[in-house]
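*Asks:* Just to be clear, the model below is a prediction. Sequence and coordinates:
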Number of protein chains: 2
Amino acid sequence: MPIAEFDVIARYFTQAFPKRTDVILGIGDDAALCTVPAGMQLAIAVDTLVEGVHFPRTTCAQDMGYKALAVNLSDMAAMGATPAWMTLALTCPQTDGAWLKGFTQGLLELAKLYQVSLMGGDTTCGPLTITIQIAGFVPPDGALQRCGAQQGDGIYVTGTLGDAGLGLASIQKQVILPSQTQQFVESRLNRPTPRVAEGQALRGIASSAIDISDGLAADLGHILEASGVGASLQLEKLPLSRALIKHLSPEKAWLMALSAGDDYELCFTVPHQKEVALQKALPNYTRIGIIESSPGLRCLDAQGQLFRFEKTGYQHF
Amino acid sequence: MPIAEFDVIARYFTQAFPKRTDVILGIGDDAALCTVPAGMQLAIAVDTLVEGVHFPRTTCAQDMGYKALAVNLSDMAAMGATPAWMTLALTCPQTDGAWLKGFTQGLLELAKLYQVSLMGGDTTCGPLTITIQIAGFVPPDGALQRCGAQQGDGIYVTGTLGDAGLGLASIQKQVILPSQTQQFVESRLNRPTPRVAEGQALRGIASSAIDISDGLAADLGHILEASGVGASLQLEKLPLSRALIKHLSPEKAWLMALSAGDDYELCFTVPHQKEVALQKALPNYTRIGIIESSPGLRCLDAQGQLFRFEKTGYQHF
């Protein structure tokens, strides 16, 4: 597609992104201009998706657009931040308008839902790579960090774990699922739900938080390392969807929940004295373990036996 | 290189980036946290460099790191903004520590010079693609935009034009230059000087500004379009380095200055009544033409004859 056509489409879709009152000058100049609400801090994160690495080559354009923003919104969720603006750097092979239209539709769907403005864009020619940088607001001392977990804190997660992993196995034909189940788990992989509202609700309640992108064991591991603590998990407490329970043995389901990535649920810790506040703040969550002083992560089955597994999170290289 | 080693190197170099007092939480959590100075607006831009598209495959790692930040600093310069923070999304093939070390050294050189903090990073595996997002501060109504040029305004540029174009021709062996000249023009291509101080000095003086990334004709064209005006350029006024004057015919030198990209000088317009202020604000600049009401760009030679040329700026697709 010639650059002229690409430009027209890009501009056309740019119009559709949410307008915010804190944006003084939108996309189209050398930089965009905006203002941060008085007294608020700015939270900034960046995430890249590469075709064939972060999503299968068969993924449709809409899902790519959706997921590229979802994983960044998930970073805002994990900080307890309110998302506001994003920039998009899109590198793609010479491509057709239909692909770009689909990609932008998927992106727009989430951008509208969370009122995120597109503040800058760069489209370049090359192998498909999508980088979104996102910025949001958080009140002073309100941010959820990884380093605050303390001995005795409960460990919690939102949603169910391992669905995206089963979705990937389904796409890769490692498992054959009934059509409805297949749809559910593949949608969990391609269209994860960023827990933005949950993250904001946990401000002042959670002692630490992270989003689960590389698998529970790896990501909880980051909290443990940053906080200088250890943890015990009760595997039978892990929240599993009916899809996992029905189609995997308990051991395989636990493994999927612990070590498959892409769930984008939140994992967080809450001190005992904040448990009542937690009950009021979040309608749904699951307690899966407890923070301990002894370093390392111990995963225990219903009999209190240590569950050993090798793979600890997705290795990007 | 295994991920573990890559991580160690990435972390090691992260330590070396400038620390700023407005950064509350640096790289390493789900997002970084920072504060914008009271009353200041935030300017945000993003630029991607793809190997083989934006720089030749022979470019060394240091120059890639340097240029990736330089082109983003140039966007801040073109807005009159003071750069503050950046994020880096680096996609590279399985690579060696030496390359990453070189890349980071080049990046650090400019980051230290302009006190830019690294606020977020994502390293992914894939074909070499470097995306930097930059943010800086600008006082309310201080930003230089593209849309303010008016009939009668003078048109100015910083530095000399066309050197990067000659540098690319030299690297591609389309022209054979003496070694010192070759070094000069290739350095202008690989290590452009972002005109950050000049951009800030032009606040309140320039009626419009842009940085020259795609060639003077194309980038001045953006000012004309955004401002709804036209312009005449006097080609014999174009600032040319001795390298261009000595090794190209006047016509070829003009063509290089007008249509080769990557100079990263500023092109700006100044109303007549601000010319004295301009003289005080900038030590070096060149007046090359005048804004007119009639749309389009007219390039005139010393005899007042229209100079016709075809290529108008680098086409990314």
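*Replies:* Nice, thanks for sending it over.

*Asks:* A:Leu107 touches A:Leu69, doesn't it?
*Replies:* Yes. Contact criterion Cβ atoms under 8 Å: A:Leu107 and A:Leu69 qualify, at 5.4 Å. Bear in mind the C-beta positions are built from the backbone N, C-alpha and C, glycine included.

*Asks:* Show me which of the two is the more surrounded one.
*Replies:* A:Leu107 (29 against 26; other Cβ atoms under 10 Å in any protein chain shown).

*Asks:* How is that one assigned, secondary-structure-wise?
*Replies:* With DSSP: H, G, I helix; E, B strand; the rest coil as the basis, A:Leu107 sits in helix.

*Asks:* ok, for it, nearest residue in space, not its chain neighbours?
*Replies:* Distances taken as Cβ to Cβ, 6 or more residues apart in numbering or on different chains put A:Gly65 closest to A:Leu107, at 3.7 Å, once the chain neighbours are dropped.

*Asks:* Dump whatever helix or strand that neighbour lives in to CSV, restricted to CA.
*Replies:* Using DSSP states H and E, the element containing A:Gly65 is helix A:61-79. The C-alpha coordinates for helix A:61-79 follow below in CSV (Å, rounded to 0.1, in the frame of the first residue of the first chain):
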residue,chain,number,x,y,z
ALA,A,61,-5.7,-7.9,13.4
GLN,A,62,-8.5,-6.9,15.8
ASP,A,63,-7.2,-9.2,18.5
MET,A,64,-3.7,-7.8,18.1
GLY,A,65,-4.9,-4.2,18.5
TYR,A,66,-7.0,-5.2,21.5
LYS,A,67,-4.2,-7.2,23.2
ALA,A,68,-1.5,-4.6,22.6
LEU,A,69,-3.5,-2.0,24.6
ALA,A,70,-4.8,-4.6,27.1
VAL,A,71,-1.3,-5.6,28.3
ASN,A,72,-0.4,-1.9,28.8
LEU,A,73,-3.6,-1.2,30.7
SER,A,74,-2.8,-4.2,32.8
ASP,A,75,0.5,-2.4,33.9
MET,A,76,-1.6,0.6,34.9
ALA,A,77,-3.9,-1.8,36.8
ALA,A,78,-1.0,-3.4,38.6
MET,A,79,0.1,0.1,39.8
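
*Asks:* Buried ones in the one helix or strand A:Ala257 maps to, by neighbour count?
*Replies:* For A:Ala257, the host element (DSSP H and E) is helix A:250-259. Buried residues in helix A:250-259, counted by 16 or more other Cβ atoms under 10 Å in any protein chain shown: A:252-259.

*Asks:* Just the buried residues of whatever helix or strand comes next after that helix, please?
*Replies:* With elements assigned by DSSP H and E, the helix or strand that comes after helix A:250-259 is strand A:266-270. Residues of strand A:266-270 classed as buried: A:266-270 (neighbour count, 16+ other Cβ under 10 Å).

*Asks:* could you dump the residues you listed to JSON lines with distance to B:Gln115 and pLDDT?
*Replies:* Output for these, formatted as JSON lines (distance: Cβ to Cβ, whole Å; pLDDT from 0 to 100):
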{"residue": "A:Leu266", "distance to B:Gln115": "34", "pLDDT": "98"}
{"residue": "A:Cys267", "distance to B:Gln115": "35", "pLDDT": "98"}
{"residue": "A:Phe268", "distance to B:Gln115": "35", "pLDDT": "98"}
{"residue": "A:Thr269", "distance to B:Gln115": "36", "pLDDT": "98"}
{"residue": "A:Val270", "distance to B:Gln115": "39", "pLDDT": "98"}
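
*Asks:* who does the helix holding A:Ala257 touch, helix- and strand-wise?
*Replies:* helix A:163-171, helix A:216-227, helix A:242-247 (3 or more Cβ pairs under 8 Å, 6 or more residues apart in numbering or on different chains; DSSP states H and E).

*Asks:* Outside of that helix itself, list whatever touches it.
*Replies:* Residues outside helix A:250-259 that contact it (Cβ atoms under 8 Å, 6 or more residues apart in numbering or on different chains): A:161-162, A:165-166, A:215-218, A:235-236, A:238, A:240, A:244-245, A:248, A:299, A:307, A:309, A:311-313.

*Asks:* For PyMOL, write the selection for the buried entries among these.
*Replies:* Only the buried entries of the contacts of helix A:250-259 go into this PyMOL selection, using 16+ other Cβ under 10 Å:
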select buried, chain A and resi 161+162+165+166+215+216+217+218+235+238+240+244+248+299+312+313
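
*Asks:* contacting residues for the residue nearest to A:Leu107?
*Replies:* Under the criterion of Cβ under 8 Å, 6+ apart, the neighbours of A:Gly65 are A:102-109.

*Asks:* 6 Å instead?
*Replies:* By Cβ atoms under 6 Å, 6 or more residues apart in numbering or on different chains, the contact set of A:Gly65 is A:103, A:106-107.

*Asks:* Now the phi/psi pair for the nearest residue to A:Asp63 once chain neighbours are set aside, please.
*Replies:* Excluding the flanking residues, the one nearest A:Asp63 by Cβ to Cβ, 6+ apart is A:Asn190, at 3.9 Å. Phi and psi for A:Asn190, reported as degrees, to the nearest 10, are phi -90, psi -30.

*Asks:* what's the neighbour count on A:Asn190?
*Replies:* 23.

*Asks:* how close does it get to A:Gly221?
*Replies:* Distance, A:Asn190 to A:Gly221, using Cβ to Cβ, to the nearest Å: 26 Å.

*Asks:* What of A:Leu73?
*Replies:* Distance from A:Leu73 to A:Gly221, by Cβ to Cβ: 23 Å.

*Asks:* These two: who's more crowded?
*Replies:* A:Leu73 (30 against 18).

*Asks:* separation between that one and A:Ser208?
*Replies:* 20 Å.

*Asks:* Next: A:Cys92.
*Replies:* 37 Å.

*Asks:* Which one's more surrounded, the two?
*Replies:* Set A:Cys92 next to A:Ser208 and count neighbours by other Cβ under 10 Å: A:Ser208 wins out with 28 against 21.

*Asks:* what's the pLDDT at that one?
*Replies:* Note for A:Ser208: predicted pLDDT of 98.

*Asks:* what residues are up against it?
*Replies:* A:146, A:148-149, A:223, A:227, A:269.

*Asks:* which of those residues come close to chain B?
*Replies:* Among the contacts of A:Ser208, proximity to chain B is found for A:Arg146 (Cβ under 6 Å from any Cβ of the partner chain).

*Asks:* Run a quick neighbour tally on the nearest residue to A:Pro139 once chain neighbours are set aside.
*Replies:* Spatial nearest neighbour of A:Pro139, chain neighbours left out: A:Met40 (6.2 Å); criterion: Cβ to Cβ, 6+ apart. Counted with other Cβ under 10 Å, the neighbours of A:Met40 add up to 18.

*Asks:* I'd assumed A:Phe137 was in contact with A:Met40.
*Replies:* Yes. Counting by Cβ atoms under 6 Å, A:Met40 touches A:Phe137, with 4.2 Å between them.

*Asks:* hmm, who's touching stretch A:220-231?
*Replies:* A:146-147, A:149, A:155, A:208, A:210, A:267, A:289, A:291-292, A:294-297.
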